[in-house]
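Colleague: What follows is a predicted protein model with its sequence.
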Amino acid sequence: DGEALLEAADVLLSHRATLLAAASSEAAQPHEPSHRVAREVAWAVSAIAQRDAGLVGGGGAGGEARALALAELMLLCVSSGSRPTADAALDYFAAMNTVPVAGRHPQLCRPLFASALPHLLRHAQFPEDFTTWAESDLDEDEFHRFREQQLADVLESAYGMMRNEYLTSVAALGAAARAWQQYEVSLYALRSVALRVRATL
C-alpha cells in the first residue's frame with residue numbers, strides 16, 4: 001500500500017508542465033485540458049495526503065525531495081485561475097497541518113502556507129463584476145461552502161504557521177484595496193482566524 005502511494009505520487013509529479021500552463025492562465029476556463037488535469041492532480045495529491053500525511057510531509061524513501069516536489073505542484077494548483085482546482089487542493093493543506101512541524105522539511109511549514117495564502121484569498125474574493133447573486137453566474141452555495149466550510153480551516157492552519165506575518169499580510173491587502181471585493185476578502189481572512197488570535201492573547 002505504501003509502495004503504491006509512492007508510485008502514484010511519482011506519476012502525479014510528471015504533470016508539472018500541465019500545471020504550469022494552468023497556473024499561467026489568466027482566466028479560469030475549467031473545461032480546458034490544463035485545468036481539468038490540474039483539478040485531477042490536486043484531488044489525487046489531496047487523497048494521498050489524507051491517506052498518508054507523512055508521505056507528503058517528507059517521510060519514506062526519497063521523502064524530502066518528493067514532498068517538496070508535491071508541494072510545488074499544489075502551489076501551482078492553487079495559483080491557477082480555477083476555483084474548483086484550488087478547492088480540490090485544500091485537503092492537502094489540511095492534511096499537512098496534521099504532520100508535526102518537527103517531522104516536516106522547513107519549506108513545508110511557514111513558507112508553504114505563506115506562498116499559498118495570496119492565491120487562496122484570490123479564490124475567496126467575490127468577482128470584480130459581482131452585484132447580486134441573482135445576476136451572478138457564481139453558484140452561491142458552492143462559493144459559501146468553499147469559504148466557510150473548507151478554506152476557513154486552512155486559513156487557521158496558515159495563521160498557526162505564520163502568526164503575525166498572516167495578520168500583517170491580510171492587513172496590507174485591505175490597506176491596498178481598490179475595490180470593495182478586496183476589502184471584503186481581507187475582513188473574511190481576519191474573521192476566519194479571530195478565535196485563534198483571541199486564544200493567543
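Modeller: Structure received.
Colleague: and residue 126, helix, strand or coil?
Modeller: With DSSP: H, G, I helix; E, B strand; the rest coil as the basis, the three-state label of residue 126 is coil.
Colleague: Any idea how many residues pack against residue 64?
Modeller: When neighbours are counted by other Cβ atoms under 10 Å, residue 64 registers 15. For the C-beta atoms, the positions are set from N, CA and C on the backbone; glycine is no exception.
Colleague: Touching, residue 192 and residue 155? I think so.
Modeller: Yes: the criterion here is Cβ atoms under 8 Å, and residue 192 meets it with residue 155 at 4.3 Å.
Colleague: Of the two, which one has the most company?
Modeller: When residue 192 and residue 155 are compared for neighbours, residue 155 comes out ahead with 27 against 21, by other Cβ under 10 Å.
Colleague: Provide the secondary structure category for that one.
Modeller: Under three-state DSSP, residue 155 falls in the helix class.
Colleague: For it, which residues are in contact?
Modeller: 117, 120, 189, 192, 193 (Cβ atoms under 8 Å, 6 or more residues apart in numbering).
Colleague: among these, which are in helices?
Modeller: Members of the contacts of residue 155 lying in helices (criterion: DSSP state H): 117, 120, 189, 192.
Colleague: thinking again about what came up before, want to throw the contacts of residue 155 into JSON lines with distance to residue 138 and pLDDT?
Modeller: Output for these, formatted as JSON lines (distance: Cβ to Cβ, whole Å; pLDDT from 0 to 100):
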{"residue": "117", "distance to residue 138": "22", "pLDDT": "98"}
{"residue": "120", "distance to residue 138": "17", "pLDDT": "97"}
{"residue": "189", "distance to residue 138": "19", "pLDDT": "97"}
{"residue": "192", "distance to residue 138": "20", "pLDDT": "96"}
{"residue": "193", "distance to residue 138": "24", "pLDDT": "96"}
